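Undergrad: Make a model of this:
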Amino acid sequence: MIDEAIQKDLNWCETLIQHNSSSFYRAFRKLPKEQAQAVFAIYAFCRIADDAIDVDNNPEMVKALADKLAAFEAGETPDEPMWRALRWVFETFPLKIRPFQEMLIGQLLDVDFKQPESFNNLLDYCYLVAGTVGLMLCPLLAKPVTSEAEKLSVELGIAMQLTNILRDVGTDYRLNRIYLPEDLMIALGVNPEDLAGPEPTPELIRLWECLATEAESRYNRIKANLKVFDKTARLPVLLSLLYYSKILKRCRKAHYRLLDQRIYVPNWEKLMLFVTANGQLLLTGFRQ
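TA: Below is the predicted model of the structure:
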């Protein structure tokens, strides 16, 4: 039974995710209670780190988080709801500290931003900011934690980050960030000015589809190997990849008009994805 004081801290983390990522919350709240609350505590850590750069533009906040994480690793628990909740998670599940450390390194890359020179450089960035989150969550989603489960968890994080980048090409350009690999832009004849829009050029569409194919190949690989995850975790994992896959499909349906508007998946379609995910799990036997 969870201590009442810790439960209040876990509730604080759950409220944070409810307010900031309803889709993520809907997917993972279906886990058994302790697993779900552990996911929410990890999300709180990631959200605080992410907002320090994307909202507050304050790298010192990330460095302060890194200092607290070092103290946390040494056995000290900062007197804050997220850290107290995270201590409970580390005491309850076999988490490793390294992905948390690497995730903070990734956040700082956006401070002195440099466009990735190659696709491999982009993958390295996606690992640091999102693949690490997959590693954080893996002990909650896979029992036992196998190397295959860790690999697929990382791949899911990378694919989701690639999808975010593809959806936000125009927004990121206006923030003076180009995540599309420089060598691919040159090879396919895409100029930085092409990202201003509003209409995408044929060359940009080809580059977009090149990266979308990389994301979708990862989604397909994970979908075909859901058995590596615990049966209670297969629904949220499948929901996550179906939702993000749908973002790519929505971009295509909008004729790639994503440079001057944000593509999103409407609530009615999210509900349909939930029905679809349940049906697919029943048909494949992955719910057993």
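Undergrad: residue ranges of the helices in the chain, please?
TA: According to DSSP state H, the chain carries its helices in the segments 4-20, 22-28, 33-54, 59-73, 81-92, 98-109, 119-126, 132-141, 147-167, 169-174, 182-187, 202-224, 234-253, 267-284.
Undergrad: Which helix or strand in the protein has the lowest average pLDDT?
TA: For the chain, the helix or strand with the lowest mean confidence is helix 22-28, at a mean of 81 (criterion: mean pLDDT, DSSP states H and E).
Undergrad: residues near Leu112, how many?
TA: Heads up, residue 112 is Asp, not Leu. Counted with other C-beta atoms under 10 Å, the burial measure for Asp112 works out to 7 neighbours. Backbone N, C-alpha and C define where each C-beta goes, glycine included.
Undergrad: now do the one 10 residues further on
TA: Leu122 has 23 neighbours, counted by other C-beta under 10 Å.
Undergrad: show me the contacts for the closest residue to it other than its chain neighbours.
TA: Closest residue in space to Leu122, ignoring its immediate chain neighbours: Pro116 at 4.1 Å, by C-beta to C-beta, 6 or more residues apart in numbering. By C-beta atoms under 8 Å, 6 or more residues apart in numbering, Pro116 lies in contact with 122, 124-125, 179-182.
Undergrad: The same query, at a cut-off of 7 Å, please.
TA: Each residue near Pro116 by C-beta atoms under 7 Å, 6 or more residues apart in numbering is listed here: 122, 125, 179, 181-182.
Undergrad: That one and Val265, how far apart?
TA: When distance is defined by C-beta to C-beta, to the nearest Å, Pro116 is 27 Å away from Val265.
Undergrad: can you check Pro200 too?
TA: In terms of C-beta to C-beta, Pro200 sits 20 Å off from Val265.
Undergrad: Looking at the two now, which is surrounded by more residues?
TA: Neighbour comparison, Pro200 and Val265: the larger count goes to Pro200, with 22 against 18 (by other C-beta under 10 Å).
Undergrad: returning to that earlier point: most neighbours per residue, which of the helices of the chain?
TA: Each of those was assessed for mean neighbour count using mean count of other C-beta atoms under 10 Å. The highest is helix 132-141, with a mean of 25.
Undergrad: Sounds good, over and out.
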